[in-house]
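Undergrad: sequence? don't have it. structure:
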């Protein structure tokens with residue numbers, strides 16, 4: 001399908017923004033409900049870890065829960081019946097307040113790219129904090145210029161002008177302004193199922209029902225069908241650029257995906273019916289997951305795998321290994337058009353601390369060959385977990401590339417109806433109880449998000465596989481009762 005997308009003149013690809021097709025936070029189930037635990041299966045042995053966390057000496061759990069209820073957002077976003085109170089992290093491992101160790105296969109919503117508290121990144125951050133934490137961009141400082149040069153070297157011509165901001169939502173906001181300013185048009189198209197942020201602007205781009213508000217927002221945004229070869233009307237077992245294909249049959253061949261033309265025709269229908277004659281831009285993801293900074297394995301940037309040159313690239317998530325940081329990269333021509341119309345300014349964007357950390361992340365990715373590791377370990381992981389799809393009828397699809405994977409749970413493969421949220425919750429809890437943390441998402445919260453830090457090993461993938469398989473076996477036994 002990649003070649004067909006070249007026909008689109010304006011493609012605004014989001015590399016590591018806050019979105020995904022089948023992956024959005026779940027609604028919490030009722031707190032403190034007891035789920036029966038089965039003891040028929042041996043808990044998989046956790047791989048060794050040469051790190052010992054400090055003793056937890058902060059707030060008691062009950063006090064943290066009380067403060068959360070009284071003073072923090074009432075929107076229920078915390079995972080698990082009893083939310084984890086995390087205390088410390090080291091590379092691919094997390095430790096809670098009770099000293100329990102967990103293998104992190106979600107990376108803080110696919111944000112911790114090179115590992116929790118990576119020693120090299122931590123050392124750079126500490127050194128920079130001793131020199132200069134913050135000064136606004138009205139002043140020059142070396143970390144900002146050094147980082148801009150390093151990041152620009154990784155992007156193709158003419159994507160060489162960088163705007164440093166603080167989050168994916170902010171980056172997408174700015175990209176929308178750029179597109180409209182340069183094109184002098186208003187309408188912007190994005191894929192259904194995509195999450196791009198919750199700011200008033202990006203809510204228009206976001207096409208997941210639970211994030212939509214009954215208030216005016218995101219004017220001038222329209223959605224179009226996402227090429228989904230598992231749930232969509234076209235495509236199947238020959239249509240993915242991935243080591244793992246969907247099991248759904250199609251009339252395509254390995255070298256000729258017929259579905260691409262049908263999705264292109266559907267997009268043309270959107271152009272003919274839902275937007276003005278000329279649009280400002282089209283926001284699209286190379287894969288509807290976070291694909292930048294080497295996580296894809298085959299390429300450093302996701303758009304490179306489709307042989308497409310976008311006009312604007314937004315990036316966040318893994319850019320700072322968890323430090324609040326984001327960027328918008330565009331061409332000199334588009335950047336100049338923005339400068340003529342808008343005095344864009346950002347107080348915290350491109351701070352000395354953020355840029356020092358960003359440079360350290362790029363250095364670690366290169367020195368530790370983490371893109372190669374994403375390719376090798378990620379392919380191993382995808383093929384391994386695809387075995388579970390063949391074993392269990394409640395796994396409808398295993399998809400992904402590199403170190404990012406979605407496992408879509410269904411009632412059965414024939415109907416492809418989402419597995420009820422209560423059942424997915426139980427599997428999620430069982431994985432956590434055995435020491436594995438995975439993400440959740442999907443329009444019905446039916447998909448497990450798997451995206452470990454890029455330093456992960458095959459031994460740890462084997463452990464995650466055994467945990468997930470055990471949780472599925474336990475679930476099937478519950479079903480049989």
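TA: That came through, no problem. Bear in mind that the values here come from a model prediction, so they are computed numbers and not experimental data.
Undergrad: contacts for stretch 47-58?
TA: 87-88, 90-91, 93, 95, 97-99, 101, 103, 457, 459-460, 463 (Cβ atoms under 8 Å, 6 or more residues apart in numbering). Using the backbone N, CA and C atoms, a C-beta is placed for each residue, glycine as well.
Undergrad: and that stretch, which residues are buried?
TA: By 16 or more other Cβ atoms under 10 Å, the buried positions in stretch 47-58 come out as 47, 53, 56.
Undergrad: Just the terminal-to-terminal distance for it.
TA: 28 Å (Cα to Cα, to the nearest Å).
Undergrad: So for it, mean pLDDT?
TA: With pLDDT averaged residue by residue, stretch 47-58 scores 95.
Undergrad: same question, stretch 81-94
TA: Here the average pLDDT along stretch 81-94 is 96.
Undergrad: Now do it: distance from first to last residue.
TA: For stretch 81-94, by Cα to Cα, the gap between its terminal residues amounts to 19 Å.
Undergrad: List the buried residues for it?
TA: 81, 83-94.
Undergrad: Sort out which one of those residues lies nearest residue 171 for me.
TA: The shortest approach to residue 171 among the buried residues of stretch 81-94 belongs to residue 89, at 25.0 Å (Cβ to Cβ).
Undergrad: excluding its backbone neighbours, what's nearest that closest one?
TA: residue 116 (3.0 Å; Cβ to Cβ, 6 or more residues apart in numbering).
Undergrad: one step back: identify the farthest-apart pair in the buried residues of stretch 81-94.
TA: Maximum distance among those (Cβ to Cβ): 27.7 Å, for 81 and 91.
Undergrad: Closest to the centroid, which residue in the chain?
TA: residue 290 (3.7 Å; Cα atoms, centre = their mean).
Undergrad: so it sits right up against residue 318, yeah?
TA: Yes: Residue 290 lies in contact with residue 318 (Cβ atoms under 8 Å); the separation is 6.8 Å.
Undergrad: my read is residue 364 is in a helix, agree?
TA: Yes: judged by DSSP: H, G, I helix; E, B strand; the rest coil, residue 364 forms part of a helix.
Undergrad: what's near enough to touch it?
TA: 114, 118, 120, 121, 370.
Undergrad: Let me know the closest of these to residue 357.
TA: Using Cβ to Cβ, the contacts of residue 364 come closest to residue 357 at residue 121, 6.1 Å.
Undergrad: Kindly confirm my reading that that closest one forms part of a strand.
TA: No: counting by three-state DSSP, residue 121 is not part of a strand but helix.
Undergrad: Could I get the full set of helices for the stretch 251-400 of the chain?
TA: Ranges of helices within the stretch 251-400 of the chain are 259-273, 332-341, 352-367, 370-391, based on DSSP state H, counting those that start in this stretch.
Undergrad: Distance to residue 467 added to those helices, as TSV?
TA: Formatted as TSV, these follow (distance: least, Cβ to Cβ, whole Å):
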stretch	distance to residue 467
helix 259-273	35
helix 332-341	46
helix 352-367	27
helix 370-391	11
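Undergrad: Out of the ones you listed, which is closest to residue 200?
TA: Of all the helices of the stretch 251-400 of the chain, helix 332-341 comes closest under Cβ to Cβ, at 19.4 Å.
Undergrad: So which bits of that closest one are buried?
TA: In helix 332-341, counting by 16+ other Cβ under 10 Å, buried: 334, 335, 337, 338.
Undergrad: now those in CSV, with distance to residue 236?
TA: Listed next are the buried residues of helix 332-341 as CSV, based on distance: Cβ to Cβ, whole Å:
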residue, distance to residue 236
334, 38
335, 42
337, 42
338, 42
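Undergrad: can I assume residue 342 is in contact with residue 178?
TA: No: using Cβ under 8 Å, residue 342 makes no contact with residue 178, being 9.1 Å away.
Undergrad: For the two, indicate the residue with more neighbours.
TA: Using other Cβ atoms under 10 Å as the criterion, residue 342 and residue 178 rank with residue 178 on top: 27 against 12.
Undergrad: mind listing the strands for the stretch 51-200 of the chain?
TA: 86-90, 93-96, 101-104, 161-165, 188-191 (DSSP state E, counting those that start in this stretch).
Undergrad: In TSV: these, plus distance to residue 126.
TA: Below are these laid out as TSV (distance: least, Cβ to Cβ, whole Å):
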stretch	distance to residue 126
strand 86-90	16
strand 93-96	21
strand 101-104	22
strand 161-165	21
strand 188-191	40
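Undergrad: Just give me the neighbour total for residue 439.
TA: 23.
Undergrad: List the contacts of it.
TA: 23, 105, 106, 109, 110, 448, 449, 450, 451 are the contacts of residue 439 under Cβ under 8 Å, 6+ apart.
Undergrad: of all those residues, which comes closest to residue 193?
TA: Distances from residue 193 to the contacts of residue 439, taken by Cβ to Cβ, are shortest for residue 23, at 9.2 Å.
Undergrad: what are the bridge partners for residue 253, then?
TA: Counting by DSSP bridges, residue 253 forms beta bridges with residue 256.
Undergrad: Hmm, it is touching residue 236, no?
TA: No: using Cβ under 8 Å, residue 253 makes no contact with residue 236, being 11.1 Å away.
Undergrad: Tell me which of the two has more neighbours.
TA: Neighbour comparison, residue 253 and residue 236: the larger count goes to residue 236, with 20 against 9 (by other Cβ under 10 Å).
Undergrad: Which residues are in contact with the nearest residue to the more buried one once chain neighbours are set aside?
TA: Counting by Cβ to Cβ, 6+ apart, residue 236 lies nearest to residue 250, which is 2.8 Å off, once chain neighbours are set aside. By Cβ under 8 Å, 6+ apart, residue 250 lies in contact with 229, 234, 235, 236, 237, 238, 239, 258, 259.
Undergrad: Pull out the buried residues from the residues you listed.
TA: Buried among the contacts of residue 250 (16+ other Cβ under 10 Å): 229, 234, 235, 236, 238, 239, 259.
Undergrad: Out of those residues, which two sit at the greatest distance?
TA: The widest separation within those (Cβ to Cβ) is 11.8 Å, between 234 and 238.
Undergrad: Which of the buried ones among the contacts of residue 250 fall within helices?
TA: The helices, defined by DSSP state H, take in residue 259 from these.
Undergrad: would you say residue 203 is within a strand?
TA: No: counting by three-state DSSP, residue 203 is not found in a strand; it is coil.
Undergrad: From residue 317, how far off is it?
TA: Distance of residue 203 to residue 317, given as Cβ to Cβ, to the nearest Å: 19 Å.
Undergrad: Looking at the two, which has the bigger crowd around it?
TA: residue 317 (30 against 20).
Undergrad: Show the contacting residues for residue 469.
TA: Residue 469 touches 388, 391, counting by Cβ under 8 Å, 6+ apart.
Undergrad: The nearest residue to residue 373 once chain neighbours are set aside: what secondary structure?
TA: Leaving aside its sequence neighbours, residue 373 sits nearest to residue 454 (Cβ to Cβ, 6+ apart; 5.9 Å). Under three-state DSSP, the three-state class of residue 454 is coil.
Undergrad: My guess is residue 454 contacts residue 403. True?
TA: Yes: here residue 454 reaches residue 403: they are 5.7 Å apart, a contact under Cβ under 8 Å.
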